[in-house]
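Peer 1: Show me how the following folds:
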Amino acid sequence: MSEQKRKLRRRILDMRESLSPDEVRRESLAVCQRLVAHPAFEGGGTILFYYPFRKEVDIRPAMEDAWSAEKRVVLPKADPVTKSLAFYRVEREEPLVSGAYGIPEPLERESARISPEAIDLVVVPGVAFDERGYRLGYGGGYYDRFFSRCPGPFHRIGVAYSFQLVSTVFPEEHDQPLDGLITPSMTLSFRKSISG
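Peer 2: Below is the predicted model:
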């Protein structure tokens, strides 16, 4: 990994860490309102979310909307040995367990396992995102590996605070671009930009 990427990751994570609980709540709610109004959310029956960790955008209100609309809510489970993700449907109020990185994850139940091909929308976390649709993650390569093995046809939409949108994340050849990005003030498509 380049020194530029390392510095960018540290800078953005420090900014995220400095957010107050009120700022996290307010900004996350604005992101969720845009997310649930997005055509990929409205039209999707099976949505892969992530569980918010360390002041990531809190997308749990959007998960609640998905349950209320009788969509399938899916969360990832990370395997640190293979650096891969498995996906499990979760029900409202279902208990989660602490995963390999301390992130709450679904229980490993074969009956709840979801194949990547069944997913309509992936809501993607990250440290930083750029205007061409590339993201800077946490360094594990989980999402890039998932997207290169399973290119879709699901939509890949990142969610971020405004300061996480930067001019470049210094993408490398293996990095997988997203279809869109939602911040509190913008919904971006990497074919066209819609603001306001």
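Peer 1: okay, which residue is most central for this structure?
Peer 2: With distances taken as CA atoms, centre = their mean, the chain has V124 as the residue nearest its mean C-alpha position (1.9 Å).
Peer 1: so the residue nearest to that residue when sequence neighbours are not counted, which of the three states?
Peer 2: Nearest non-adjacent residue to V124, counting by CB to CB, 6 or more residues apart in numbering: G158, 4.6 Å away. Any C-beta I mention is one placed from the backbone N, CA and C, and that applies to glycine too. State at G158, reduced to three classes by DSSP: H, G, I helix; E, B strand; the rest coil: strand.
Peer 1: how about G158, what does it touch?
Peer 2: By CB atoms under 8 Å, 6 or more residues apart in numbering, G158 lies in contact with V124, P125, G126, F129, R135, L178, G180, L181, I182.
Peer 1: tell me the pLDDT at it?
Peer 2: At G158, the model reports a pLDDT of 98.
Peer 1: Which strands or helices does the strand or helix carrying F41 pack on?
Peer 2: In the assignment (DSSP states H and E), F41 maps to helix 39-42. With contacts taken as 3 or more CB pairs under 8 Å, 6 or more residues apart in numbering; DSSP states H and E, helix 39-42 sits against no other helix or strand.
Peer 1: Now do that helix: distance to the chain's middle.
Peer 2: Chain-centre distance of helix 39-42: 15 Å, with CA atoms, centre = their mean, to the nearest Å.
Peer 1: Now do the strands in the protein.
Peer 2: Using DSSP state E, the strands assigned to the chain run over residues 46-48, 72-79, 84-89, 97-98, 104-105, 121-124, 128-130, 135-136, 155-159, 165-166, 180-182, 186-189, 193-195.
Peer 1: and among the ones you listed, the most buried is which?
Peer 2: Ranked by mean neighbour count under mean count of other CB atoms under 10 Å, these are led by strand 121-124, which reaches a mean of 26.
Peer 1: which residues in this structure form helices?
Peer 2: Under the criterion DSSP state H, helices of the chain are mapped to 3-17, 21-37, 39-42, 60-68, 142-149.
Peer 1: V57 and S84, how far apart?
Peer 2: Noted for V57: a distance of 24 Å to S84, by CB to CB, to the nearest Å.
Peer 1: what's near enough to touch V36?
Peer 2: E42, A62, D65, A66.
Peer 1: Mind pulling up the pLDDT for the last one?
Peer 2: Turning to A66, the model gives it a pLDDT of 98.
Peer 1: Pull up the gap between it and D120, please.
Peer 2: For A66, the distance to D120 - CB to CB - is 11 Å.
Peer 1: Which of those two has more residues huddled nearby?
Peer 2: Using other CB atoms under 10 Å as the criterion, A66 and D120 rank with A66 on top: 25 against 19.
Peer 1: Could you list the low-confidence segments of the chain?
Peer 2: 1, 191-196 (pLDDT under 70).
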